[in-house]
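>>> requesting a structural model of the entry that follows:
(8 chains, ligands or ions: 12)
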Number of protein chains: 8
Amino acid sequence: ERCGFPEVVLAEGKTADWVVQVVRRMREAGQDCLATRVSGEQFQHLAAEFPQAEVDHLARTFWLPTPGDRPPLVGDVLVVTAGTGDLPVAYEAINTARVMGANAELIADVGVAGLHRILRKRDRLAAADVVIVCAGMDGALPSVVGGLVDCPVIAVPTSIGYGAAFGGVAALLTMLNSCSAGVVTVNIDAGFKAGYAAALMVRKIAKS
Amino acid sequence: ERCGFPEVVLAEGKTADWVVQVVRRMREAGQDCLATRVSGEQFQHLAAEFPQAEVDHLARTFWLPTPGDRPPLVGDVLVVTAGTGDLPVAYEAINTARVMGANAELIADVGVAGLHRILRKRDRLAAADVVIVCAGMDGALPSVVGGLVDCPVIAVPTSIGYGAAFGGVAALLTMLNSCSAGVVTVNIDAGFKAGYAAALMVRKIAKS
Amino acid sequence: ERCGFPEVVLAEGKTADWVVQVVRRMREAGQDCLATRVSGEQFQHLAAEFPQAEVDHLARTFWLPTPGDRPPLVGDVLVVTAGTGDLPVAYEAINTARVMGANAELIADVGVAGLHRILRKRDRLAAADVVIVCAGMDGALPSVVGGLVDCPVIAVPTSIGYGAAFGGVAALLTMLNSCSAGVVTVNIDAGFKAGYAAALMVRKIAKS
Amino acid sequence: ERCGFPEVVLAEGKTADWVVQVVRRMREAGQDCLATRVSGEQFQHLAAEFPQAEVDHLARTFWLPTPGDRPPLVGDVLVVTAGTGDLPVAYEAINTARVMGANAELIADVGVAGLHRILRKRDRLAAADVVIVCAGMDGALPSVVGGLVDCPVIAVPTSIGYGAAFGGVAALLTMLNSCSAGVVTVNIDAGFKAGYAAALMVRKIAKS
Amino acid sequence: ERCGFPEVVLAEGKTADWVVQVVRRMREAGQDCLATRVSGEQFQHLAAEFPQAEVDHLARTFWLPTPGDRPPLVGDVLVVTAGTGDLPVAYEAINTARVMGANAELIADVGVAGLHRILRKRDRLAAADVVIVCAGMDGALPSVVGGLVDCPVIAVPTSIGYGAAFGGVAALLTMLNSCSAGVVTVNIDAGFKAGYAAALMVRKIAKS
Amino acid sequence: ERCGFPEVVLAEGKTADWVVQVVRRMREAGQDCLATRVSGEQFQHLAAEFPQAEVDHLARTFWLPTPGDRPPLVGDVLVVTAGTGDLPVAYEAINTARVMGANAELIADVGVAGLHRILRKRDRLAAADVVIVCAGMDGALPSVVGGLVDCPVIAVPTSIGYGAAFGGVAALLTMLNSCSAGVVTVNIDAGFKAGYAAALMVRKIAKS
Amino acid sequence: ERCGFPEVVLAEGKTADWVVQVVRRMREAGQDCLATRVSGEQFQHLAAEFPQAEVDHLARTFWLPTPGDRPPLVGDVLVVTAGTGDLPVAYEAINTARVMGANAELIADVGVAGLHRILRKRDRLAAADVVIVCAGMDGALPSVVGGLVDCPVIAVPTSIGYGAAFGGVAALLTMLNSCSAGVVTVNIDAGFKAGYAAALMVRKIAKS
Amino acid sequence: ERCGFPEVVLAEGKTADWVVQVVRRMREAGQDCLATRVSGEQFQHLAAEFPQAEVDHLARTFWLPTPGDRPPLVGDVLVVTAGTGDLPVAYEAINTARVMGANAELIADVGVAGLHRILRKRDRLAAADVVIVCAGMDGALPSVVGGLVDCPVIAVPTSIGYGAAFGGVAALLTMLNSCSAGVVTVNIDAGFKAGYAAALMVRKIAKS
Ligand SMILES: Nc1ncnc2c1ncn2[C@@H]1O[C@H](COP(=O)(O)O)[C@@H](O)[C@H]1O
Ligand SMILES: Nc1ncnc2c1ncn2[C@@H]1O[C@H](COP(=O)(O)O)[C@@H](O)[C@H]1O
Ligand SMILES: Nc1ncnc2c1ncn2[C@@H]1O[C@H](COP(=O)(O)O)[C@@H](O)[C@H]1O
Ligand SMILES: Nc1ncnc2c1ncn2[C@@H]1O[C@H](COP(=O)(O)O)[C@@H](O)[C@H]1O
Ligand SMILES: [Mg+2]
Ligand SMILES: [Mg+2]
Ligand SMILES: [Mg+2]
Ligand SMILES: [Mg+2]
Ligand SMILES: [Mg+2]
Ligand SMILES: [Mg+2]
Ligand SMILES: [Mg+2]
Ligand SMILES: [Mg+2]
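Ligands and ions are numbered 1, 2, ... in the order given. Model (predicted):
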C-alpha cells in the first residue's frame, strides 16, 4: 500500500520450498519482492522459477520487481567498510537502499589501522546525505567517520573477527558508545536495516 | 567551526568546578555550550556563574548560547515515550534537537500495553520527519511506531525497569531486533544522541 | 497415575534407538506417550515401529495415545505467532495442549510491525481462556496482546532472529519485562511448556 | 473500564510528589489505585494525604480502593516462599491478587534444603487453583512444587542471594529451565506480576 | 610418582594420532593411563593399538592400567543423576573414581519433578561417604540431595537442556547458589573432576 | 536434630530486629546458632541482647552455642589466602568449620605472583585433610595448591579486584576451569559454604 | 630484592588504618612504597603520618620512596587519553612508570571524534618507545594510534561512559579486537598495570 | 612502506580464491606476505600457486617472503604454553615474531598443576626480553611466569577447555586480572597479535 515499499522476506531458516511459495504469492499479488539472507540452496530453487530476478550471491539478496518503469533513484547514500570481510553486509545495505529508491555507492576497506585510506575519501564523505559504516572486530570506523561528516551515520556491526569479538558484539558495543554524536546503530550484520533506514531518510529529503 | 553545532560537555563524573571552568572557557571562545547529564551540585555551581543559562532539571541539561539571534528552527522531530519514567531521556533528546536547530515536540505515556493511546496519535506521527521513541522495560514501542510511519525511527532504550531489565539492556536488545525495518538504535538513556542524529537528518532535509 | 497426563520424552540429544526403546516401554505400561523435539532420524526409527502414531514434522512432535476413547477436549487455548518462522514452536504448544485435553487454535503471522493484523483478531482474542504468544526477534507481540485481553498470556520467546537476538535471549528479556501485567514467560522455544501450562489452566476451569 | 482492574502505579524511581499527584488524580477519577515498590519517603507523603489507604511496608504496596462494597474474593491462589527473605515479594503477590479480587494465602519458608517442610503441605498445595512460588538463590522450589500439584505454578525469582546469584538471575534461569512442565516464570522480584496473572486465572475459573 | 594416581589425557580437540602417541609413551613409562572425552574416531585408533584397554563409549573414557594387581577399591562414592541424559557425565565420574581407587555406584533418573524417586533412595544416600549429583536444565537435584545427607555433595552441572539452559550455565548457577550448605560444584559436564575429587576424599577416609 | 549441626542464619538483607528475634527463638529452642554476613548495625543489636556470643567483625560472623561442653575438634582443615583482602572470607570459612566441629588453621597472603611464599608452606599443605583456598582477581592460587597436595581443594572466589574482575566472576571461572583435577568450587565470597563442606569431609574421616 | 621495583599496595577496599600500617612496615624495611586507588579517607590518614610522601589526588596514588638519590629516568613512555575523563587513569600510569624509573609524558583529550587532534601529534607519537592509550566509551583511539606508530601500544579501557559502556567492558572489547596488530590490553582502569609493563619494556631497552 | 613489516591477511572466513588473489597481488607489489588462520582448503589452493611458500599446518600460517636476503633476527622472544593443546596458538606467535624479524623460542607444556615444570625453566625465562604465555582453561600460567621474570609478559588466552571455559573467556578474564603487574593481554587465540607486539618490543631494544 505504501508506494515504493517492497515486501521483504527474511529467507534464513526457512525451507527453499517455503521461500519460493512466498515469492510466488507476492508476484501474483503484484508486489515487488526482496528476499534477504538467502542460502545457496534457496537461490537454486528461486532461480529455477524466477530466472529474471536479480540475485547477488555475495550480498545474499534476491530482488524481483514488478514489471514496468521505476522512478529514478534519489539522494546519496554512501556505504563504507572497514575491511573486505564486511563486503557482504555492505552490499545487502546497498541493494536494499536501491530497491527502496535511493542511490547507494560503496567505499571499501578503509579501516582505521591505516588512517590515510579514509582521510583520502574526505570530500566524497562530505557530500553524502547519510553514511552507512560496516565494521567488525573493533568497530572503530563509525566514530572516525562521524567526526568527518555532518550528516547522520548508521553503524552496522559485522560478525567479522574471532575470540572476544563475540560474533559482532564487540563492534556493536563500540558503535553504541561512539564518541561521535551523530552515530546510530542497527543489529549485527543488519545491512538490510541500515539500507532501509537510510532510504527512508533520503526519501524524506527528496520529497521536501 | 561547523556552523550551528554547539560544543557539548558530558558533565557526569566530573567535579562541579571542572564543569564550570570548561563552560567558562567555551563562553570566552564565543561558542554555544550544551552540557548534559548535569548533577544537582553541578547545576548549583553553574547557576551561580551563568544565571542567564537555560537549565532543565528534569532533562539534566544546561544550555548557554552565545548572544544574538539564532536561525529559526527547522523540520519536525517527534519524541514519543512509553511511560512517564522515560520523560527525562525524552527531554534530553528534545533539548538537544532544539539547540541543534530543529523543531522538536513531545507525545508522552503511550506505551503498548494500552494500544489506543498510540493509535490515537497516528496522524501526528505520520506528519513527522523523524520519530524518536524512548522506552524502558520491554522496549516494545518503537516496533509499533515503526509500523505506523514511513520515516526513520530512532529508538532510545531507557534504564526504567527492574530485575531482568538489566538497566536498559532488555529494551536495547528489543530495539536492535525490532521487526520494523526503519528502526535504528542509540545507547541506553542516550536522549542526547537521538536528538543530535535527528537534528542532523532534518537539517539535511531543510537544506535540500 | 494422574489421569490425562501423558508421559513426555524430551527426544533431543538421545539416540534414535534409545527413544524407540523408551516409547516401547511406555506403550507396554499402557501409558499415553508424547515425544518432543524429535529429529528426522528419530522420526524414521519411530515410524518403522509405531506406524499408527501421530507425527508432526513441523512441530517435531510424536504422539502415541493408548487405544480407546478419550474425553472431549475442554477450554479455549489460543496460540498466536508474530511471524511464520515461529510456527514450529506454536505447533508444539498446540499439540501439547491437545494431548493434555485442551482445545487449541492458531492465529499466525500477526506481528506488531503491521498492527492491523492483530487488531483484526481482537474479538477472537477476547474469547480465549488463555493466550499463548510465540515471537522471536524483538518479542514485542505479547505486550500488545496482553493489553487486548483480560486472560493470562503465556509468552514463548523463539530463537528466530540473528545477531543481537542471541538465539532468543532478546525476546525472552522483552517478555520478562512486558509492560502488560498479565504476561508470564517460559523458556526459549518451549512451546511444550506453554501448551502444558495452558492446558493445566483450562482443565481447572473445566472442573469448576 | 475493565471492571475490577485497579490502576497500578510503579512508584520506584519517581519523586514522592509525583506519586502523590498521580494517586490524587486517580482518586478524583473514581478509580481504585494500587502502588507498588513504594519507598519509605513515598509512604510518608502518601500517608499524609491518604490516611485511609492500606499500606504494607514489608510488601512496599499502597492500596486505595474507591469507597463502597467490593465483590467477594474468588478462587484459591497459594503463595509459597523458599525463605523468609522472599516474604516482601510474596506479600506483593498476595496484595496484588487480593485487590484483583482473588483469595490468596501464604506458606512461608519451605525451601528444598529441608524437604519435610514442603512435603508437610502437600494436601494444602493439592487444593490450590494456582500456586505462586517465590525463591531466590538456587530457585529450586518451583520444580519441586510443580511435581506435587496438577495446577499451574507461577515461579517468581527473587534477588535474595549474593555472588553468582547475580541479583536473581541464577534463580530466574533455574525457573525457566524447570524440569516440571507446568511452571511459568515472571521477572525477578515481580510479585506484582505473579499476583496479577494468578488473579486473571482464578477469575476465569470463577466466571465459568 | 604419587601412588595410585593415573596420568590423565583430555583427548578432546586433539588428533587421533596424537592421542595414540601420548598413550603409547605413558605405557612405555609404566604409567596407568586414563583418557577422557574421547571421540569415536579416537576410540578406533586407540582400539587398534590397545585392544586390552577398557573403553566406555557412553562415558567417552579409555582406561589402560599397567599390568598387575591393583589394591581393593575403598570408600563409598554414590553418583546420582536427575535424568537419563545426564548418564554420560555420571559414568565419566564413576570410571574416574574407580581408576583412582574408590568404590562408585549409580542411582539414575531421580530428578525433583517426581520427588518420590529420590525419597525412595534416602537410606542408600545416607550411607554414602560422598555423593556426586549430575543434573542439567534447572540443576535443582543437588539442593534436594544436600538436605537428605550429612556428607559433602559434589554437584556437576550438565549441558542437557535448551534455550536459557545456556549449555549448562543455568544448572551451574543453581548449584553455586544451592541453599544446601554442603554442596560444592565443578565445571559443566566435568564428571571427571567430580570423580577425582570424590576419590581424594574417600582415600583420606580410608587412610585414617 | 542432626547432632553437631548448628542452625545458620544468613543475616544479610534482613532488619536487625528480625535477626535478633530469630536468634532468640533458636536459643529458646536450645539450638546452637551461627549467623553470617552480619552488618555493623545487626552486630550492635545482637551484642545488646547476647553479650556472651562470639562475634568476629572481620569475618562478619556471630556464634552463640548452647551452654555445656562441646566435643573436641577433629581433622585438619587448612585455609589459605592469596592476598590480605581475602581474609574476611577466609575467617568466615574458619569460623564455620570450627562451629561444625573441625580444626581449622590459616595461611595468609601467599598468592602466586610471589611463588616462594606458597612453596615455603609445602609441608604444612601436605599434612592437611582438605585445603580451602580463597582468592580474588585472577583466582590462580587453587590451581597451584591443587598441584602440591593429594587431598581435595575447595576453591572460594572472592570479590576482591576491579574492572574485569566483575565482583569475583573472573576468579570463579578460573577456579571452575582449574587444571588441577582435585579442585571443587563454591559461590563467590562463600567462605561459609567452603567451611561447612570441609567440616563434613573431616567429620567423615573422624568417624571412620 | 629486584632493584628499582617498589612494593605496591592496592589500597582499595582496605581500612585506612590497615593501609597506614602496611606503609609503615615497608618503610621500616627500607622499601620504596607505592599505593594506588587510594581513597580520600586513606589519604588523610597517610598524610598525617607521612607528610613527606608525594600524593596525587587525581591519580589516587601515594608514593613514598626511600631517602637518597634515585637513578635518572630512562626511555620514553607516552601516555595518551581520548577524553579528559580518562585523566585519572592516565596519571596513575604516568606515576607508576616514573616510580619504576621510566620517563613518562602526557597527551590529553585527542579522541577520534576530532581526528585532527591526534594527527597533530604524529611526530611526537613516532618518537615514543611505547605508547599507552587510555580511552572509555567506544575505546577506538588505540586502533588509530596503533596505525600511526611502530612501537607497541598498551591500551587501557576506562570506565568512562554510561549505558552499554558497561563500566568499561565496551572499551575493553574494542581494544582486545583492535585491527591494529601491535595493540595489547590491560584491565579496565588499570593505569597501574599499563605504566608498570611500559616501564619494564623501556628498562629492557635502556639496559641493552 | 615501514621496512620489515609484512602485509598480513586474516584468511579466516574468506574464500580460497579470494585469498589466493590477495596473495598474488601482494607478491606482484613486491611485498612480503603473511596469512594467518588459514584453513585446509585455503592451504591447498595456496600451495598449488605458491609452492615455494613456508606453510605451517599446526600454526595455520602461510609465509611468502620476497626473494633476497633478510636481516638477521634480533632479540629474544620466549613463547611458553601451559598445555600441548595451546601449541597452535604458540606457533602462530612464533611464526609471526620471526617474520617480523625477531628470534622466538618455545617452552611447551609447563602448566601450573605441576609447578616443577615451570620452575625448572627459571633461568631460561630470566634471560628473555619478553615472554609470551599461551594458556587455556584456568589461564593461570601468566601470573606465575610474571612473578619469575622482570620483563613484560604478553598473555594469550586460548580456547582450550569446555563448559565454563566459554571458549577462552575464562582464561581471558584470569589474565586481565593477573596479580602479576607486568602482564598485558591480547584477544583469545591471538598468537598473531602477541608475536607482533613482542617483535615490536625487541626491535625497539635492538635499535637502541
Ligand atoms: N535481513 C533482515 N534483517 C532484519 N529483518 C529482516 C531482514 N529481511 C527481512 N526482514 C524483516 O522480516 C520481516 C519478514 O519476516 P517473515 O514474515 O518471517 O518473512 C519483514 O517485515 C522484514 O522487514
Ligand atoms: N520440549 C520440552 N521442553 C522442556 N521439557 C521437556 C520437553 N519435552 C519433555 N520435557 C520434560 O523432560 C522430562 C523427560 O526427560 P528425560 O527423562 O530426560 O526424557 C519430562 O519430565 C518432560 O516434562
Ligand atoms: N511492581 C510492578 N512490577 C511491574 N509492573 C508494574 C508494577 N507496578 C506497576 N506496574 C505496571 O506499571 C504500569 C504503570 O507504569 P507508570 O505509568 O509508569 O506508572 C502499569 O501498567 C502497571 O501494570
Ligand atoms: N590472526 C589475526 N588476528 C588478528 N588480526 C589479524 C590476524 N591476521 C591478520 N590480522 C589483521 O587483519 C588485517 C587484514 O584484514 P583483511 O583486510 O580483512 O584481510 C591486517 O591488518 C592484520 O593486521
Ligand atoms: Mg583490509
Ligand atoms: Mg504510564
Ligand atoms: Mg511475516
Ligand atoms: Mg529459611
Ligand atoms: Mg527422566
Ligand atoms: Mg599481598
Ligand atoms: Mg574531550
Ligand atoms: Mg599437559
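
>>> enumerate every residue touching residue A:125.
With contact taken as C-beta atoms under 8 Å, 6 or more residues apart in numbering or on different chains, residue A:125 is in contact with A:78, A:80, A:118, A:131, A:145, A:148, A:149. Where you see a C-beta, it was placed from the backbone N, CA and C, and this is true even at glycine.

>>> what do you get for residue A:160?
A:83, A:85, A:86, A:136, A:137, A:168, H:13.

>>> how does it look with 6 Å?
Counting by C-beta atoms under 6 Å, 6 or more residues apart in numbering or on different chains, residue A:160 touches A:85, A:136.

>>> ok, it to chain C distance?
Going from residue A:160 to chain C by C-beta to the nearest C-beta, to the nearest Å gives 13 Å.

>>> how confident was the prediction at that residue?
If you check residue A:160, the pLDDT there is 97.

>>> do the same with residue A:207
Value for residue A:207, per-residue pLDDT: 85.

>>> now the longest helix along chain A against helix B:191-207, angle please.
When chain A is parsed with DSSP state H, its longest helix is helix A:191-207. Angle between the axes of helix A:191-207 and helix B:191-207 is 40 degrees (criterion: axes from the mean of the first three to the mean of the last three C-alpha atoms, to 10 degrees).

>>> helix A:191-207 vs chain B: in contact?
Yes - shown here: helix A:191-207 in contact with chain B (C-beta under 6 Å from any C-beta of the partner chain) through A:193, A:196, A:197, A:200, A:201, A:204, A:205.

>>> for that helix, which positions count as buried?
Buried positions in helix A:191-207, judged by neighbour count with 16 or more other C-beta atoms under 10 Å in any protein chain shown: A:191-206.

>>> so which of these comes closest to residue A:183?
When the buried residues of helix A:191-207 are compared for distance to residue A:183 (C-beta to C-beta), residue A:194 wins out at 11.8 Å.

>>> which of the three states applies to the residue nearest the centre of chain A?
Nearest to the geometric centre of chain A sits residue A:93, at 1.0 Å (C-alpha atoms, centre = their mean). Under the three-state scheme (DSSP: H, G, I helix; E, B strand; the rest coil), residue A:93 adopts helix.

>>> which one (most neighbours) among the contacts of residue A:125?
Sorting the contacts of residue A:125 by how many neighbours each has (other C-beta atoms under 10 Å in any protein chain shown) puts residue A:145 first, at 31 neighbours.

>>> and it, helix, strand or coil?
Taking three-state DSSP, the label given to residue A:145 is helix.

>>> again, but for residue A:42
Once three-state DSSP is applied, residue A:42 turns out helix.

>>> what's around the closest residue to it other than its chain neighbours, how many residues?
In this structure, residue A:42 finds its nearest non-sequential neighbour in residue A:16, 4.6 Å apart by C-beta to C-beta, 6 or more residues apart in numbering or on different chains. Residue A:16 has 18 neighbours, counted by other C-beta under 10 Å.

>>> got a list of what residue A:16 touches?
By C-beta under 6 Å, 6+ apart, the contact set of residue A:16 is A:41, A:42, A:45.

>>> how close does it sit to residue A:51?
16 Å (C-beta to C-beta, to the nearest Å).

>>> contact partners of the strand ranked longest in chain A?
Longest strand of chain A, by residue count under DSSP state E: strand A:74-81. Here strand A:74-81 makes contact (C-beta under 6 Å, 6+ apart) with A:90, A:93-94, A:97, A:102-108, A:128-134, A:198, A:202, A:205-206.

>>> in chain A, which residue sits closest to chain C?
Closest residue of chain A to chain C, C-beta to the nearest C-beta: residue A:188 (3.0 Å).

>>> where does the nearest residue to that residue once chain neighbours are set aside land on pLDDT?
Nearest non-adjacent residue to residue A:188, counting by C-beta to C-beta, 6+ apart: residue C:163, 3.0 Å away. On pLDDT, residue C:163 comes in at 98.

>>> now do the contacts for residue C:163.
By C-beta under 6 Å, 6+ apart, residue C:163 lies in contact with A:187, A:188, A:189.

>>> what about the helices in chain A?
Under the criterion DSSP H, helices of chain A are mapped to A:16-28, A:40-49, A:87-99, A:116-119, A:122-127, A:141-146, A:169-176, A:191-207.

>>> for ligand 2, what's its nearest residue on chain A.
Proximity of chain A to ligand 2 (C-beta to the nearest ligand atom) peaks at residue A:13, 18.8 Å away.

>>> tally up the residues packed near residue A:106, please.
Quick note: residue A:106 (other C-beta under 10 Å) scores 15 neighbours.

>>> could you do residue A:49 as well?
Residue A:49: 13 surrounding residues under other C-beta under 10 Å.

>>> do the same with residue A:114
Neighbouring residues of residue A:114 were enumerated by other C-beta under 10 Å; the total is 14.

>>> hmm, residue A:173 is touching residue G:170, no?
Yes - using C-beta atoms under 6 Å, residue A:173 is in contact with residue G:170, at 3.7 Å.

>>> which residue of chain A lies farthest from its centroid?
Outermost residue of chain A (C-alpha atoms, centre = their mean): residue A:28, 26.9 Å.

>>> mind checking pLDDT for that one?
The model's pLDDT for residue A:28 equals 94.

>>> ok, now how distant is it from residue A:83?
Using C-beta to C-beta, residue A:28 is found at 42 Å from residue A:83.

>>> now do residue A:57
Residue A:57 is 19 Å from residue A:83, by C-beta to C-beta.

>>> what does residue A:179 give?
Counting by C-beta to C-beta - residue A:179 and residue A:83 are separated by 21 Å.

>>> comparing those two, which residue is more hemmed in?
residue A:179 (26 against 21).

>>> and the more buried one, what are its phi and psi?
phi -80, psi 0 (degrees, to the nearest 10).

>>> could you measure from the residue nearest to it when sequence neighbours are not counted over to residue A:142?
In space, and not counting its chain neighbours, residue A:179 is closest to residue G:113: 4.5 Å by C-beta to C-beta, 6+ apart. Counting by C-beta to C-beta, the gap from residue G:113 to residue A:142 is 10 Å.
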